[in-house]
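**Student:** next comes the sequence, and after it the predicted model I'd like to discuss.
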Amino acid sequence: MLDKEVSKRILLCIIDKYPRKNDTTDPFQVLISTVLSQRTRDANTAEASRALFSRFPTAYELSKAKVSEVERLIKPAGMYKQKAERIVRIARDIVERWNGKVPATFDDIIKFNGVGRKTANIVLAVSYGLPVIAVDVHVHRISNRMGIVKTKTPYETEMALMDIVPEAYRTKLNGAMVNFGQLVCLPRIPKCQSCIFKEVCEYGRNNISGRKVNKVRRARSGDS
């Protein structure tokens, strides 16, 4: 496992070099888009979100929508039948219980149907600027792969990262880690050779060393 100070420098560098620009900071749209993003690609989420918000941009409007029309609009996001029912119910809850505004506390947000810890933290970070860290598959995978943390669950990863990342940078970590995970630290075949962290990353060092050993073995085999 990497030294805490080294880990902090790596994470701050990722935030600096792989920043994510949010399409919106509107709490309602951030919440609904994050629900739509479950088990689908970013491009699909963006397409579904654009179609949905062009027709139903607020909680009031979505709360009155027919589920069948919402299904059609969000189809690119996959699991559209379940997601359509879920987000219409969320919109109705926001209108009926919160006067059309998404609450700004973690405990209140996770009460919405289908909303978990990651989604709540994304809303709090992106929309309300609170110093929380949203941990998704990218953040959990990369942090453990690099040796920044040694954790088994996203919650454990979140707690460990909160101890490493200064408050001022926490809201930016999720988006930056997602970008880094999609561009460099890919799930199956990470681009270790071109990664700027290859000399400090535990996985990168082992991966590159392993390639060098195999290269030497192949060369020796060819000589014999």
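**Tutor:** That came through fine. Residues are numbered from 1 along each chain as shown.

**Student:** can you read off the pLDDT for the spatially most central residue of the chain?
**Tutor:** By CA atoms, centre = their mean, the mean C-alpha position of the chain lies nearest to D136, the distance being 4.5 Å. Reading off the confidence values, D136 has pLDDT 94.

**Student:** that one contacts K118, correct?
**Tutor:** Yes. Counting by CB atoms under 8 Å, D136 does reach K118; the two are 5.3 Å apart. For glycine as for every other residue, the C-beta is placed from the backbone atoms N, C-alpha and C.

**Student:** now do the shared contacts for those two.
**Tutor:** Here D136 and K118 have P154 as joint contacts, going by CB atoms under 8 Å, 6 or more residues apart in numbering.

**Student:** for P166, what are phi and psi?
**Tutor:** Main-chain torsions, P166, degrees, to the nearest 10: phi -60, psi 150.

**Student:** for stretch 25-45, what is the distance to the chain centroid?
**Tutor:** Counting by CA atoms, centre = their mean, to the nearest Å, stretch 25-45 is centred 10 Å from the centre of its parent chain.

**Student:** only the buried residues of that stretch, if you could.
**Tutor:** Residues of stretch 25-45 classed as buried by neighbour count (16 or more other CB atoms under 10 Å): 26-38, 40, 44-45.

**Student:** which residues touch R41?
**Tutor:** Listed by CB under 8 Å, 6+ apart, R41 has no contact partners.

**Student:** how near is it to A84?
**Tutor:** R41 is 19 Å from A84, where distance means CB to CB, to the nearest Å.

**Student:** now swap in F197 and tell me
**Tutor:** 40 Å.

**Student:** these two: which is more packed in?
**Tutor:** Legend: neighbour count by other CB atoms under 10 Å for F197 and A84, higher for A84 (24 against 20).

**Student:** and that one, which helix or strand is it part of?
**Tutor:** Using DSSP states H and E, the element containing A84 is helix 80-98.

**Student:** okay, now the closest residue in space to E96 that isn't next to it in sequence: neighbour count?
**Tutor:** Spatial nearest neighbour of E96, excluding adjacent residues (CB to CB, 6 or more residues apart in numbering): S63 at 8.0 Å. S63: 19 surrounding residues under other CB under 10 Å.
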